[in-house]
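In: Sequence plus predicted model, see below.
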Amino acid sequence: MGGCGFILHINKEHFYRGWTGLLMCTNNLAEITAVWTLLFWANKLDTKDLRVYGDSLLVINWLLGSSMMHASNLTHRGSRIKDLMKQFEHIHFQHIFREHNMEADSLSKKGISCPEGWLQIEEIKFGNIIGTSRHRIFWKYYIIVTVFCW
């Protein structure tokens with residue numbers, strides 16, 4: 001079980017917090033999904049300029065193009081991120097250390113109890129939650145195979 005979370009600052013007094021749950025999760029899958037959900041929400045808000053700070057150096061380097069994604073189970077989400085990146089006029093990625101990303105880290109832990117594929121969003125203005133919403137962001141496809149033995 002795992003989760004991912006993000007914070008999208010509109011300005012000093014206005015921001016969004018988001019989190020979702022992930023089943024059978026690795027750290028890299030959680031980090032990639034956090035970036036994807038952030039880009040998904042920023043695009044939904046019609047944001048054109050975005051600065052993304054993340055504590056996974058591996059993911060940030062992949063987004064900057066200085067390394068390649070080798071995990072075959074992440075390439076689908078990686079291509080979805082690349083497609084979303086095209087929706088922004090300016091997008092900047094920067095690595096930060098985990099101790100500077102504690103709020104997003106705590107949201108990822110909140111995501112553990114959230115159903116997979118559902119993005120929970122809180123909109124905060126002047127320190128108050130002014131709205132919450134839930135969005136279906138991805139579906140997991142299950143294939144059921146029945147074996148008959150005679």
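Out: Here it is on my side, so go on.
In: so where do the helices sit in the chain?
Out: Counting by DSSP state H, one finds helices in the chain at the ranges 27-44, 57-64, 75-85, 102-111.
In: looking at those, which is buried most?
Out: Looking across those with neighbours counted as mean count of other CB atoms under 10 Å, the highest average goes to helix 27-44: a mean of 21. Bear in mind the C-beta positions are built from the backbone N, C-alpha and C, glycine included.
In: How much space separates the closest residue to residue 63 other than its chain neighbours from residue 106?
Out: Counting by CB to CB, 6 or more residues apart in numbering, the nearest residue to residue 63 once its immediate chain neighbours are dropped is residue 93, at 4.5 Å. Computed as CB to CB, to the nearest Å, the residue 93 to residue 106 distance reads 22 Å.
In: cool, and residue 51?
Out: From residue 51 over to residue 106 the distance is 21 Å, taken as CB to CB.
In: got it, and residue 2?
Out: When CB to CB is applied, the distance between residue 2 and residue 106 equals 14 Å.
In: now swap in residue 57 and tell me
Out: Relative to residue 106, residue 57 is positioned 20 Å away (CB to CB).
In: Now do the contacts for the residue minimising distance to the centre of the chain.
Out: With the centre of the chain defined as its mean C-alpha position, the nearest residue by CA atoms, centre = their mean is residue 34, 1.8 Å away. Taking CB atoms under 8 Å, 6 or more residues apart in numbering, we find residue 34 in contact with 4, 5, 6, 54, 104, 108.
In: Check those residues against residue 123 and report the nearest one.
Out: Closest approach between the contacts of residue 34 and residue 123, by CB to CB: residue 6, at 13.4 Å.
In: Would you check that the closest one makes contact with residue 15?
Out: No. The pair residue 6 and residue 15 fails to qualify as a contact (CB atoms under 8 Å) at a distance of 10.2 Å.
In: More neighbours: those two, which one.
Out: Summary of the neighbour comparison: residue 6 and residue 15, criterion other CB atoms under 10 Å, with residue 6 having more neighbours (30 against 15).
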